[in-house]
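Give the three-dimensional model of this entry:
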Amino acid sequence: MGNGDIRVRGFAARAGGWSARHRWAAVGIWVLFVVLAMGLGSATGRVDVKDSDQLKGETHTAARIIEDAGIDEPAGETVLIQAKGGELKATDGEFRKAVDAVVRAVEGTGRVTEVTSPYDTKTISKDGRSALVQFDVRGEADTAGERIEPVLKAVEGVQRDHESLRIEEIGGASMMKTFGDAYGEDFKKAEYSAVPVAFGILLIAFGALVAALLPVVLAITAIMATMGLMGVVSHVMPMSETANSVMLLVGMAVGVDYCLFYLRREREEREAGRDAQTALRIAAATSGRAIVVSGVTVCVAMAGMLFTGLAEFEAMGLASLMVVAVAMVGSVTVLPALLSLLGGRVEKGRIPFLRRRKRGGSGEGGGQDSRFWTAVLRRVLAKPVVAAVVAAGALLAITAPALGMKTQQLTLDQEFGDSLPIVQTYNRLNDAFPGGSEPAEVIVKARDINAPEVKSALADFRARAISSGASRGPVEIKLHDARNVAFVYVPLVGGSDLDKAGESLDRLRDEVRPATLGKVDGVQAPITGQVAGSKDFNDQLAGAVVPVFAFVVVFAFALMLLSFRSLTIAVTSIVLNLLSVGAAYGILVAVFQHGWGASLVGAEGVGAIITWLPLFLFVILFGLSMDYHVFVVSRIREARLRGLATKDAIRHGVVTTAGVVTSAAVIMVAVFAIFGTLSMQSMKQMGVGLAAAVLIDATIIRGVLLPAVMALLGERNWYLPRWLHRLPDLTHDEAPRAAAEPAARDGEGEPLKV
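Residues are numbered from 1 along each chain as shown. From the prediction side, this is the model:
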C-alpha cells in the first residue's frame with residue numbers, strides 16, 4: 001500500500017500532526033509544563049485532609065469540637081503488665097514492684113506526661129492477673145512515633161528485671177513507630193520497583209532500549225507534573241498520602257499503556273512500508289483517538305469517587321483523574337513530537353538476544369502473541385455460541401462468591417496477622433480488657449462543663465454505660481475545664497470483634513446517651529473512636545454506592561455511545577466491564593474471606609474485605625478496563641470501515657492488538673502484583689484484586705467473550721436507532737486510508753457507515 005495523503009480529523013490527529021510539525025516546541029512546552037507544575041506545587045505546599053474532614057456524621061462532629069476548642073490530643077500509650085502463670089496477682093508485692101518500676105522508668109525518660117498507676121485508675125482485669133499503666137507522649141500526636149523509642153527501651157529494661165511477668169507497651173506512638181519501621185520502607189520499595197518492572201517488560205516487548213524508555217519517561221513526567229498539581233489543587237480539595245500512592249499506581253499503569261498503544265501502532269505502520277511521517281499521522285488518528293476516548297472514560301470513572309462525600313475517596317479520585325488526564329495529553333502531544341525527532345533512532349539500543357518480531361503488511365501473523373490469538377480466535381469465531389456460553393459461565397462462576405461478600409474495617413490482627421510482637425500485645429490487651437485498646441470516645445461539649453447538671457449527667461452516663469452491658473469499665477472521664485469540654489473513654493464490650501463492639505456502640509448512642517447527657521440542654525455528646533469511625537464510614541459509603549455506580553455506568557455508556565455511535569457497542573461495553581469487576585470481587589472474596597488459596601498470597605485468617613475496597617475497585621477497574629476495550633473495538637471498527645466482513649474485522653482487530661494488549665496487561669498485572677506482595681492485608685487485597693481483574697479483562701473478556709459476542713451480533717454491532725442520529729458525532733477521525741484506496745461500500749454502492 002503506498003504512502004498517500006492521509007485524511008485525518010479530530011483532536012488526537014490534529015494534536016499529533018501539530019506536534020510532529022513543531023516537535024521542538026511541543027517538547028519544550030511539555031518540559032515547561034512539568035517544571036512549572038512541580039514549581040507551583042513546591043511553592044504552594046500541600047494541604048492534607050484533616051481528621052475533622054475525614055468523615056461526616058458523629059465522627060466529624062466530634063473532631064470539629066476538638067479542633068474548635070484548640071485541644072491537641074496527645075498520643076496515648078499503655079503498658080500491659082500481666083502475670084505469665086496463674087499464681088501471681090496484681091495485689092502481690094512482686095507485681096506492685098513491677099508497676100512502680102514501669103512508672104519510674106517511663107517518667108525518667110522525660111518524654112511522657114500524665115502517668116497513671118492501675119491502683120489509682122482501677123485498670124486491673126477481672127481475673128486480677130493484668131494491669132495497665134497509662135500515659136501520654138509529650139508533643140504533637142502526629143510525630144509521637146519519632147520520640148517514643150527511649151520510652152520503649154525503658155519498658156524493655158523493666159521487662160528484663162521481671163521475668164515472671166509480661167511487660168509490653170502499645171499505643172498510638174509505639175504502633176506508628178513499629179509499622180513505620182516494619183512496612184514503611186517496604187511500601188516505598190514497592191512503589192519504586194514499579195518503574196524498573198515496567199521498563200523490563202517494555203524492553204522485552206520492544207527489544208530496543210530507546211523504544212522501551214519512551215513510555216516510562218512519559219509516565220514518570222506525567223506523575224511528576226501531577227504531584228505538583230496536587231499541591232496546588234489541595235488548597236481547594238485537600239489531598240492525602242493514600243491519594244499519592246494511588247496516583248502513582250494509576251499514573252504508571254495508564255501512562256505506560258497509552259504510550260505503548262501509540263508507539264506500537266506507529267511501529268506497525270512503518271513495518272507495513274509507510275514512511276515515518278505517514279506512519280506517525282496514522283498512529284495519531286487511530287491509537288491517538290483510542291487514547292483520548294479511553295482517557296476521558298477513565299477520568300469520568302475516577303470522578304465517580306467525588307460523589308462519595310468521603311474526603312479520602314475524593315482525594316484519591318481527583319488525584320487519579322488528574323494523572324490520567326495529564327498522561328493522556330502527554331501521549332497525544334509530546335510523544336508524537338519525540339517520535340518525529342527520533343525517527344529510526346527509536347530502534348537504537350537493540351537487545352541482541354531479543355529478536356525483532358516481523359509483521360506482514362497487515363500487522364498480522366508475526367509474533368507468538370498473534371499466532372496464539374489467531375489460533376484462539378479460529379475456534380471462537382467458528383463456534384461463537386459455545387465460546388460465549390463457556391466464557392460467560394466461567395466468569396459468572398468466578399463472580400459467585402462475591403454474593404456473600406463481608407466488608408469491614410480490618411482490625412490490627414487482621415491487617416498484620418501475628419507477624420509483629422505488637423499485634424500479640426494488642427490481642428492480649430483486648431482479651432484482658434475488652435475494648436480497652438480501642439475505646440469509644442464521647443466528646444462532651446457544654447456551656448459550663450462544671451455545672452451540677454452536667455457533672456451529674458456525666459456520672460450517670462458512666463454508670464449506665466456499664467449497667468447497660470455496653471462496657472465492663474473502667475470508664476475514664478478527662479475534663480478540659482477552660483474549654484468546657486470533657487472526654488469520656490468507654491471500653492466497648494466486644495473488643496476487637498467489630499460486630500459485637502458495634503452493637504455496644506449502638507447501645508451507647510441509642511440508649512445510654514439519650515437517657516443521660518441527652519437530657520441536659522445545650523450539651524453536645526458525639527461518640528467517636530475507631531469502632532465509631534468504622535461504623536460512620538460504612539454508613540456513608542453504603543449511601544454513596546448507588547450514586548457512584550449510577551454516575552460511572554451512565555457516563556461510560558454515554559461516552560461509548562458517542563465515540564462509536566453504536567447502541568450495541570455501548571451496551572456490550574458496560575456488560576463486559578461489569579463482568580470483569582464481578583470476577584475480581586469473586587476472587588477477592590474466595591481468597592481473603594473464604595481462604596481459598598490464601599496461603600499462596602499470605603492472607604490466612606483475614607475473613608473479610610476491607611470496607612473501602614469494593615467501591616474503589618469498581619471505579620478504578622471500570623476506568624482501566626476501557627483501555628483495552630476502546631483499543632480493540634476501535635481497531636475492529638477501523639477494519640470494518642475498510643470493507644472487511646464483520647468476522648474478518650473482528651479477527652483483524654483482536655490479532656493486530658494482541659501484542660500491545662498482552663504487553664500492557666503484563667505491565668499492569670506486574671505493577672499491581674507488587675502491591676499484592678506487601679504485608680498489609682488492605683494493600684495486598686488491592687493489589688490482588690487489580691491484578692486479577694486486569695488479567696481476566698485482557699484474556700477472557702477481550703480475547704474470547706468480546707469477539708464471540710460481536711460475531712454473534714454481526715452487523716447489529718453497529719446499530720444506532722434513528723432517534724439517536726442527532727447525537728454529536730465523535731467518530732469523525734475515522735481510520736485513515738491512502739488517497740488511492742477506495743472507501744468501503746455496501747451492497748448498493750453507498751459508502752459503508754459503521
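
Assess the claim that Gly417 and Glu604 are in contact.
Yes: the pair Gly417 / Glu604 is scored as a contact, 7.4 Å apart, by CB atoms under 8 Å. For every residue, glycine as well, the C-beta is placed using N, CA and C.

and Met239, what is it in contact with?
Arg46, Val47, Asp48, Val49, Met230, Gly231, Val233, Ala315, Leu318, Ala319 (CB atoms under 8 Å, 6 or more residues apart in numbering).

The third one: neighbour count?
This points to Asp48. Per other CB atoms under 10 Å, the neighbour tally for Asp48 reads 14.

next structured bit after the helix or strand hosting Ser193?
Using DSSP states H and E, the element containing Ser193 is helix 185-206. Per DSSP H and E, helix 185-206 leads on to helix 209-233 as the next helix or strand towards the C-terminus.

same for that following helix, what does it pack against?
helix 23-44, helix 185-206, helix 241-271, helix 311-342 (3 or more CB pairs under 8 Å, 6 or more residues apart in numbering; DSSP states H and E).

So which bits of it are buried?
Across helix 209-233, burial judged by 16 or more other CB atoms under 10 Å covers 209, 211-231, 233.

quick check: angle from it to helix 311-342?
140 degrees (axes from the mean of the first three to the mean of the last three CA atoms, to 10 degrees).

looking only at pLDDT, what's the mean for helix 209-233?
Averaged over helix 209-233, pLDDT sits at 90.

Could you find the residue nearest the spatial middle of this structure?
Closest to where the C-alpha atoms of the chain average out (CA atoms, centre = their mean) is Val246, at 5.2 Å.

Ignoring the adjacent residues along the chain, who's closest to that residue?
Distance criterion CB to CB, 6 or more residues apart in numbering; nearest residue to Val246, sequence neighbours excluded, is Met316 at 4.8 Å.

same thing with Val133?
Val79 (4.3 Å).

Dump the C-alpha coordinates for the helix or strand where that neighbour lies into PDB.
Using DSSP H and E, the element containing Val79 is strand 76-83. Extracted as PDB, the C-alpha positions of strand 76-83 are listed here (Å, rounded to 0.1, in the frame of the first residue of the first chain):
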ATOM      1  CA  GLY A  76      -1.800   7.800  74.400                       C
ATOM      2  CA  GLU A  77       0.300   4.800  75.400                       C
ATOM      3  CA  THR A  78      -0.400   1.800  77.600                       C
ATOM      4  CA  VAL A  79       1.900  -0.600  79.300                       C
ATOM      5  CA  LEU A  80       0.300  -4.000  79.900                       C
ATOM      6  CA  ILE A  81       1.700  -5.800  82.900                       C
ATOM      7  CA  GLN A  82       0.500  -9.400  83.000                       C
ATOM      8  CA  ALA A  83       1.300 -12.500  85.100                       C
END
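
Spell out which strands sit alongside that strand in the sheet and which way each one runs.
strand 130-137 (antiparallel), strand 165-171 (antiparallel) (DSSP bridges).

Next one: the residue nearest to Val133 from Phe631, what distance?
59 Å (CB to CB, to the nearest Å).

again, but for Ile620
From Ile620 to Phe631 the distance is 18 Å (CB to CB).

Repeat that for Asp181.
43 Å.

Which of the two has more residues huddled nearby?
Phe631 (27 against 13).

before we move on, the earlier item: just give the number of residues close to the residue nearest to Val246.
Neighbour number of Met316 under other CB under 10 Å is 28.

Beyond the longest helix seen in the chain, next helix or strand please.
Longest helix of the chain, by residue count under DSSP state H: helix 530-564. Next helix or strand after helix 530-564 toward the C-terminus (DSSP H and E): helix 567-588.

No further questions, thank you.
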